[in-house]
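Novice: below is the sequence, then the predicted model.
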Amino acid sequence: MEDNSAQMSPKRKRRIRRIRKFIFIGFPIIFISELALCIFLIARLNVLHRNLNRAKDEINAYLEMQSEWDFKESIRAGAEENILPASPVPVTDNPSENKADSKKESQQVLNPEEVKNLTLSNEELYDGYRKVYLTFDDGPSANTTAILDILKRYDVKATFFVIRREGRNNEKIYRRIVDEGHTLGMHSNTHEYSVCYASEEAFKNDTLTLRDFLYLVTGVESNVYRFPGGSSNRVSPVDVKLFANILHESGIEYYDWNVSAGDAVYPLPDADTIYRNVVNGIMNYDESIVLLHDLPSKKSTLEALPRIIEFIKSLDNTVILPITDSTVPIQHLIVNDNK
Ligand SMILES: [Zn+2]
């Protein structure tokens, strides 16, 4: 065979060498640097995404702190009669005089299924008891799963005010909330204030979209709601009372809180502080709706939860219940109306 290379001009040979050089050295360098750039940009995007979520949490924390502050101010202004009485439940040493104890007696003749039904729907069973409603906002997340494990360990039912998060893992969490006897509440479809509070129509769409989504996933139609930032939030451009009317027209009741774990703020308080916030708050009321959060960042809340439950369980005539139709709502909006 004839050697073609011998016939090539030096100029052509140089060009072929350059092309070979590019293929074996230049191309890999370009490929590797492009790959490195991609990896860098993906990492940067993840950091920005985390920062964005953190900024959203901070906005939520700020708004929820404001709601809390408004609520406390209203109480200081003498409006406490518009919410629940703050006197502790009287407990006598003599069991025969103790109404709550006699209720306990009557429980014992019921079969476990009847007791379970009564626990979930008939709060009259606990007349005379101090009632504590543990509520968790902003889930589902990995923390929700850990919280569900803790609640299961202590045989305690709570209320989860959730937003819409798709994906199999999240759907499992929504179902687990329902299957394990907790109350599935709504906390807006996206928790984006600019979306859910944009107008009356937007609020209705947002709420009913979440309700339909939860119904599809769990088979349960949620009828309890917590406003993002509370009903006394200052971010909504529309009067929240109009949103409250929309909820009521749809057969949904809304619940704020009178005890806060203080876990919405940055930096997140330690577990001891969260524990103290909750137990001190509970001791002020016959009925406490406790605000806690189950975002993945709320590690201290998770750490404090077993101690909080153990403390409540150690109190006489005190019961932890999930919010149901028969739970008396605590609504900041009503308090503010009476300012
Ligand atoms: Zn929230």
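Specialist: Perfect, thanks for sending it.
Novice: Asp286: how many residues sit nearby?
Specialist: Residues contacting Asp286 under the criterion other C-beta atoms under 10 Å number 16. Where you see a C-beta, it was placed from the backbone N, CA and C, and this is true even at glycine.
Novice: next one: phi and psi at Phe136?
Specialist: When quoted as degrees, to the nearest 10, the phi and psi of Phe136 stand at phi -120, psi 120.
Novice: which ones are touching it?
Specialist: By C-beta atoms under 8 Å, 6 or more residues apart in numbering, the residues touching Phe136 are 144, 147, 158-161, 292-294.
Novice: for it, which non-adjacent residue is closest in space?
Specialist: Spatial nearest neighbour of Phe136, excluding adjacent residues (C-beta to C-beta, 6 or more residues apart in numbering): Asp294 at 4.2 Å.
Novice: roughly how far does the one you found sit from Ala264?
Specialist: With distances defined as C-beta to C-beta, to the nearest Å, the gap from Asp294 to Ala264 amounts to 12 Å.
Novice: also Gly139?
Specialist: Counting by C-beta to C-beta, the separation of Gly139 from Ala264 is 14 Å.
Novice: what's the closest of the contacts of Phe136 to Asp179?
Specialist: Taking C-beta to C-beta as the measure, Asp179 lies nearest Phe160 of the contacts of Phe136, at 12.5 Å.
Novice: how far out from the middle of the chain is stretch 13-29?
Specialist: Using C-alpha atoms, centre = their mean, to the nearest Å, the distance from the centre of stretch 13-29 to the centre of the chain it belongs to is 59 Å.
Novice: for that stretch, buried residues please.
Specialist: Neighbour counts over stretch 13-29 (16 or more other C-beta atoms under 10 Å) mark no residue as buried.
Novice: can you give me the end-to-end span of that stretch?
Specialist: The distance separating the two terminal residues of stretch 13-29, taken as C-alpha to C-alpha, to the nearest Å, comes to 23 Å.
Novice: now swap in stretch 226-236 and tell me
Specialist: In stretch 226-236, first residue to last residue: 14 Å (C-alpha to C-alpha).
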